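>>> Okay, sequence plus prediction incoming.
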Amino acid sequence: MFKALFGRKSDFANAQSLYGAVVARARQPHFYDKMGVPDTFDGRFEMMTLHLYLLVHRLRDETPDKRRLSQQVFDLFIEDMDRGLREAGVGDQTVPKRIKKMTRVFYGRAGAYDEVLALDGDQQTAMEDVMQRNLFPEQDEPGGYRDLAEYALREAEILAAIPVDDMIKHGLLFADPFPKM
């Protein structure tokens, strides 16, 4: 089954490794303890979405094999969300609807992040607006969303400089967890 979905065994292992790095980073307590991301299903989903986006964005302009790897990582994300919903007791009839909604949310966030990264001007302010709107809608003070925006922009820049083959070989996507912010 997995071979049909992912092709060669090494492709599946590479996708799993990269997805594991996304999950590990999204689960870092720093986001929730220090940056104030709500430690809720929605907050954790937003962190998964952000980190998955950063990887997908990095692989977008690569070779067809690397873009296919990106799709494989996204497929693992969908499978993981499906499994998580089922384990949480969401009914079989409801799971596909929830997955469809989660997919729409991902693409909506990806579109917003794409717009920010395409700006020639003040990406920080634009990213802060996106973060506040999606993660901190009731927060008027810029603390958490300012730090998260700075983090996201820095990670996008760092990922852009890492050769994709190194990312795959080492399973390393993200910089040292959290330099002084």
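Thanks, I have it. Remember, predicted model here, so these are calculated numbers, not experimental data.
>>> And stretch 15-22, what's buried?
Of all the residues in stretch 15-22, those buried under the rule 16 or more other C-beta atoms under 10 Å are 15-19, 21-22. Yep, even glycine has a C-beta here, placed from its N, CA and C like the rest.
>>> Can you tell me which of those comes closest to Ala175?
Ala21 (11.7 Å; C-beta to C-beta).
>>> Tell me who's in contact with the closest one.
55, 171-174 (C-beta atoms under 8 Å, 6 or more residues apart in numbering).
>>> still on that earlier bit, redo the buried residues of stretch 15-22 as a markdown table? Include pLDDT and distance to Tyr32.
What follows is the buried residues of stretch 15-22, written out as a markdown table (pLDDT from 0 to 100; distance: C-beta to C-beta, whole Å):
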| residue | pLDDT | distance to Tyr32 |
| --- | --- | --- |
| Ala15 | 93 | 27 |
| Gln16 | 93 | 25 |
| Ser17 | 91 | 25 |
| Leu18 | 93 | 23 |
| Tyr19 | 95 | 21 |
| Ala21 | 92 | 19 |
| Val22 | 94 | 17 |
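>>> Could you report the neighbour count for Pro96?
Number of residues near Pro96 (other C-beta atoms under 10 Å) recorded here: 11.
>>> Most neighbours among the contacts of Ala21, which one?
Leu55 (24 neighbours).
>>> Flag the shaky bits of the protein, pLDDT-wise.
For the chain, the stretches with pLDDT under 70 are 1-9, 139-143, 172, 176-181.
>>> quick one: the most far-flung residue of it relative to its centre and Arg86, what's the gap?
Note on the chain: the largest C-alpha distance from the chain mean falls to Gln93, namely 26.6 Å (C-alpha atoms, centre = their mean). Between Gln93 and Arg86 the distance is 12 Å, computed by C-beta to C-beta, to the nearest Å.
>>> same deal with Arg146?
On the measure of C-beta to C-beta, Arg146 and Arg86 end up 37 Å apart.
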